[in-house]
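Q: Sharing a sequence plus its predicted fold:
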Amino acid sequence: MVQENGVPVGMKHYPAEFKADAVALYRSRPGATIKSVAADLGVNTETLRNWIRAADGRQPGAHSAPPTAARTEGNDVQAELTAARKRIRELEEERDILRKAARYFATETRW
């Protein structure tokens, strides 16, 4: 393959945010295959596979056993639980702020 400035001609460069979003999209679709998500995004299947490997901390192109379904499902559940706990903390903070504001305005309106 002919190279231009050290990069093979024909290779596309994608922003890091696009790569991260592509990996997140793949992970958010439980029954999806890498091939189907790559087709939806218009990227090469191996490119998306390498982004997923890189996100998992593995070397692109490295061959290792994929995570078991139970482990992947456990990670999804753990991530969802963590997000839910964070949202609960945010809602409790908002509730406390509203309670304080209500008390403040209740005392302000009394003469």
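A: Nice, thanks for sending it over.
Q: mind checking how far the most centrally placed residue in the chain is from Ala55?
A: Using Cα atoms, centre = their mean, the residue of the chain that lies closest to the mean C-alpha position is Ala24, 3.7 Å off. Remark: distance between Ala24 and Ala55 (Cβ to Cβ, to the nearest Å) = 9 Å. Glycine gets a C-beta too; all of them are placed from N, C-alpha and C.
Q: tell me which strands and helices whichever strand or helix holds the residue nearest to the centre of the chain is in contact with?
A: Element membership for Ala24 (DSSP states H and E) is helix 16-28. Contacts defined by 3 or more Cβ pairs under 8 Å, 6 or more residues apart in numbering; DSSP states H and E place helix 16-28 against helix 34-41, helix 45-55.
Q: how far out from the middle of the chain is the shortest one?
A: A distance of 16 Å separates the centroid of the chain from that of helix 34-41, by Cα atoms, centre = their mean, to the nearest Å.
Q: which strands and helices sit next to that helix?
A: Partner elements for helix 34-41 (3+ Cβ pairs under 8 Å, 6+ apart): helix 16-28, helix 45-55.
Q: Now do that helix and helix 16-28, the angle between them.
A: Using axes from the mean of the first three to the mean of the last three Cα atoms, to 10 degrees, one finds that helix 34-41 and helix 16-28 are set 130 degrees apart in direction.
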